[in-house]
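Trainee: Generate coordinates for the sequence data below:
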Amino acid sequence: MIKLHQTSVLLFMLAMWMPHMALGQFNIPKKPELQSAMYDYANILNGNDKQVLENKLLRYADSTSTQIVLITIESLKGESIGELTPKWAHEWGIGQADKDNGVLILLAKEERKIWIAPGYGVDDRLTAGVLGEMIRNVIIPEFKTGNYYTGLDKGADAIFLLLKGKYKEERKFEMNDIWINGIAWLIVILVVFAGLWLLWQILKIIAKGGGTTYSSSGRSSYSSSGSSYTPSRSSSSSRSSSSGSSRSGFRGGFGGGGFSGGGAGGSW
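Mentor: Residues are numbered from 1 along each chain as shown. Next up, the predicted model:
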């Protein structure tokens, strides 16, 4: 009799709790007919900033076919942002079906949380570790000052660099480390100069003794022009000359890209 009473109480409590659970679920909106890079449902950006950021992501999609979508919402309504973001991206099919090169950035205003979910085709470069570091060092500091646009703009630039393999960790060194590294480099420079001076003296002796001459006109140069990200204009121009039926970028909408449960996030 006691067990029956306990079971009844549990069933009653579950029945009372179910409506609250239903209310706590976030319903992913239906994929919009007009598909673009920006959906500011929480209205955290002003009109100009929103347009600038959207155009930036659209240009990147046109030049690379990688679709980066930014969505802001008022509240998660009890959902886990780490589960909601890739689920949302997968349902909408962000990215190209044959490349799975979509990225969804989801910002929850009320909970003060952000999550970035990469598609299958880019998660080798947008790993959880490097994304988490980028969010902490680039995006969150701007969010803490209330500057959402700057944080998202810098975050987009960092993702561009990550996808190009150019994003580097910005380590903070103690003053002792700086002094030690400075002294070490000074020693290296002195050794190099001493070696060059000794070589010059030897060449002078050889030139005086044997009458031979030394020429150093064949100088080599080093160029590192590829060290920063610049959008590829050639890919954009060739794409614009092709038929309008291409699904590159956002011209034909989301391409049906797939997502796993990866990614990283942060709060402020």
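
Trainee: alpha carbons only for contacts and neighbour counts from here, please
Mentor: Noted.

Trainee: Show me the beta-bridge partners of Ile114.
Mentor: With beta bridges defined as DSSP bridges, Ile114 has these partners: Leu107, Gly266.

Trainee: try Gln96
Mentor: Bridge pairing for Gln96 - DSSP bridges - gives Gly255, Gly256.

Trainee: ok, it - contacts?
Mentor: Contacts here follow C-alpha atoms under 8 Å, 6 or more residues apart in numbering; on that basis Gln96 touches 65-67, 102, 247-248, 254-257.

Trainee: Likewise for Asp40?
Mentor: Asp40 neighbours (C-alpha under 8 Å, 6+ apart): 50, 70-73.

Trainee: Swap in 6 Å and give it another go.
Mentor: Shown in contact with Asp40 (C-alpha atoms under 6 Å, 6 or more residues apart in numbering): 71-72.

Trainee: what's the weakest-modelled helix or strand in the protein?
Mentor: Across the helices and strands of the chain, mean pLDDT, DSSP states H and E gives its lowest value to helix 233-240, namely a mean of 33.

Trainee: just for the stretch 51-200 of the chain, where's the confidence low?
Mentor: 165-182 (pLDDT under 70).

Trainee: if we go to 50?
Mentor: Within the stretch 51-200 of the chain, the stretches with pLDDT under 50 are 167-175.

Trainee: That one: helices as residue ranges?
Mentor: Assigned by DSSP state H, counting those that start in this stretch, the helices in the stretch 51-200 of the chain fall at 81-92, 128-134, 140-144, 148-164, 175-210.

Trainee: Now distance to Ser36 too, for these, in a markdown table please.
Mentor: As requested, the helices of the stretch 51-200 of the chain are exported to a markdown table (distance: least, C-alpha to C-alpha, whole Å):
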| stretch | distance to Ser36 |
| --- | --- |
| helix 81-92 | 11 |
| helix 128-134 | 23 |
| helix 140-144 | 24 |
| helix 148-164 | 15 |
| helix 175-210 | 46 |
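
Trainee: Tell me which of those helices approaches Tyr60 most closely.
Mentor: helix 148-164 (8.3 Å; C-alpha to C-alpha).

Trainee: hmm, back to that, just say which of the helices of the stretch 51-200 of the chain is most tucked in.
Mentor: helix 81-92 (a mean of 21; mean count of other C-alpha atoms under 10 Å).
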